[in-house]
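> starting from these lines, generate the structure:
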Amino acid sequence: MRKEEKEKRTSHILDAHLKEKMVRILDLVQQVQYSYQGRYTDFLTPYEQREAAKILEGVDGICYSLDGMIASAERKIISIYPDYEENHSRDFLSCLKIKGNFQFRKVTHRDYLGSILGMGIKRECIGDIFPCEDGAYVICLSSVTEYLLFHLEKIANVSVKLSEVGEEEIVISKPHLREQNFVVSSLRLDAIVAGMFRLSRSEAQKVISGELVSVDYETITNSSKILSPPTIISARGFGKGRFEEVLYQTKKERWRIKTLLY
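Residues are numbered from 1 along each chain as shown. Below is the predicted model:
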């Protein structure tokens, strides 16, 4: 794949960081075309997956697939391989079960991720983390599996033990979502962020302009963006939730909406 084609396929992307990541994916495509051997990306967010699918559409000589080890995973890698290859390896993915005595210490997704990243492992090497009753399942690239097995000893000051498990051993608990309904003057992003995370409208606008809010995993800085349900909204430092539906319009032409907080 020539440099000119890479530029053409990514010319619509304005975000410099995203564009760099997409160019790296096209570099992998080039390697597959030259070597006839499969390659794979790091873990991508759902937004990055959508953008990658756009730039990979119609590329000659290759096929690609998304894989997060389990179907419900949000973060996934993209495998790129020759179009004549019927079966390709999945040995680049692993799942680790973290077990500990968390009876007296409540831990969250953030605790697990923070402990892992605190070891110097890049976020892109870690897929979904699924907390369970006695610990958590962590999907990761096989390249970091051994390091985690031998060096991750504590989560939030609780001693833990790790073991590698197969896909069939993963038991995912249904996430607990807290329903929160409220009235907004419009379906603008700042109004919904303010209601979901109990902020003032001006505080919500500052969080949005500070590039801390993502909508369906895409960072949005436009406070006046109109949202349509269902939409996943994340505000770094405040939480994550889903704008589920519009319940009804009030007599004063305001909107009562249903949201679910993770």
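> can I get the CA coordinates of stretch 8-18 in PDB?
This file holds the C-alpha atoms of stretch 8-18, laid out as PDB (Å, rounded to 0.1, in the frame of the first residue of the first chain):
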ATOM      1  CA  LYS A   8      -6.400   9.200   0.900                       C
ATOM      2  CA  ARG A   9      -8.000   6.700   3.200                       C
ATOM      3  CA  THR A  10      -7.300   8.800   6.300                       C
ATOM      4  CA  SER A  11      -7.800  12.300   4.900                       C
ATOM      5  CA  HIS A  12     -11.200  12.700   6.500                       C
ATOM      6  CA  ILE A  13      -9.800  12.200  10.000                       C
ATOM      7  CA  LEU A  14      -9.200  15.500  11.800                       C
ATOM      8  CA  ASP A  15      -8.000  14.100  15.100                       C
ATOM      9  CA  ALA A  16      -4.200  13.800  14.900                       C
ATOM     10  CA  HIS A  17      -4.000  11.000  17.500                       C
ATOM     11  CA  LEU A  18      -6.700   9.000  15.800                       C
END
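> next up, the contacts around the closest residue to Lys122 other than its chain neighbours.
Nearest residue to Lys122, sequence neighbours excluded (Cβ to Cβ, 6 or more residues apart in numbering): Asp42, at 7.5 Å. Any C-beta I mention is one placed from the backbone N, CA and C, and that applies to glycine too. Listed by Cβ atoms under 8 Å, 6 or more residues apart in numbering, the contact partners of Asp42 are Ile77, Lys122, Glu124, Cys125, Leu141.
> out of those, which is most surrounded?
Within those, most neighbours by other Cβ atoms under 10 Å means Ile77, with 24 neighbours.
> to which secondary structure element type does it belong?
strand (DSSP: H, G, I helix; E, B strand; the rest coil).
> least trustworthy helix or strand in this structure by mean pLDDT?
helix 3-10 (a mean of 90; mean pLDDT, DSSP states H and E).
> output the contacting helices and strands for the very next helix or strand once past that helix.
Downstream of helix 3-10, the next assigned helix or strand under DSSP states H and E is helix 16-35. Helix 16-35 is packed against helix 3-10, strand 39-40, helix 46-56, strand 62-67, strand 77-82, with contacts defined by 3 or more Cβ pairs under 8 Å, 6 or more residues apart in numbering; DSSP states H and E.
> in the longest one, what's buried?
In other words, helix 46-56. Pro46, Glu48, Gln49, Glu51, Ala52, Ile55, Leu56 (16 or more other Cβ atoms under 10 Å).
> make JSON lines from these and add distance to Asn222 and pLDDT to it.
Below are those laid out as JSON lines (distance: Cβ to Cβ, whole Å; pLDDT from 0 to 100):
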{"residue": "Pro46", "distance to Asn222": "20", "pLDDT": "95"}
{"residue": "Glu48", "distance to Asn222": "20", "pLDDT": "97"}
{"residue": "Gln49", "distance to Asn222": "22", "pLDDT": "97"}
{"residue": "Glu51", "distance to Asn222": "18", "pLDDT": "96"}
{"residue": "Ala52", "distance to Asn222": "23", "pLDDT": "97"}
{"residue": "Ile55", "distance to Asn222": "24", "pLDDT": "96"}
{"residue": "Leu56", "distance to Asn222": "28", "pLDDT": "96"}
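> mind putting the residues you listed in TSV, distance to Tyr137 included?
Below are these laid out as TSV (distance: Cβ to Cβ, whole Å):
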residue	distance to Tyr137
Pro46	19
Glu48	22
Gln49	21
Glu51	27
Ala52	25
Ile55	31
Leu56	29
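> which of these lies closest to Thr259?
Pro46 (18.8 Å; Cβ to Cβ).
> contacts only, for the closest one.
Glu74, Arg75, Asp216, Tyr217.
> highest neighbour count among these?
Arg75 leads these on contacts (other Cβ under 10 Å) with 20 neighbours.
> so that residue touches Glu48, yeah?
No: using Cβ atoms under 8 Å, Arg75 is not in contact with Glu48; the gap is 9.1 Å.
> out of the helices and strands packed on helix 16-35, which gets nearest to Gln205?
helix 46-56 (21.9 Å).
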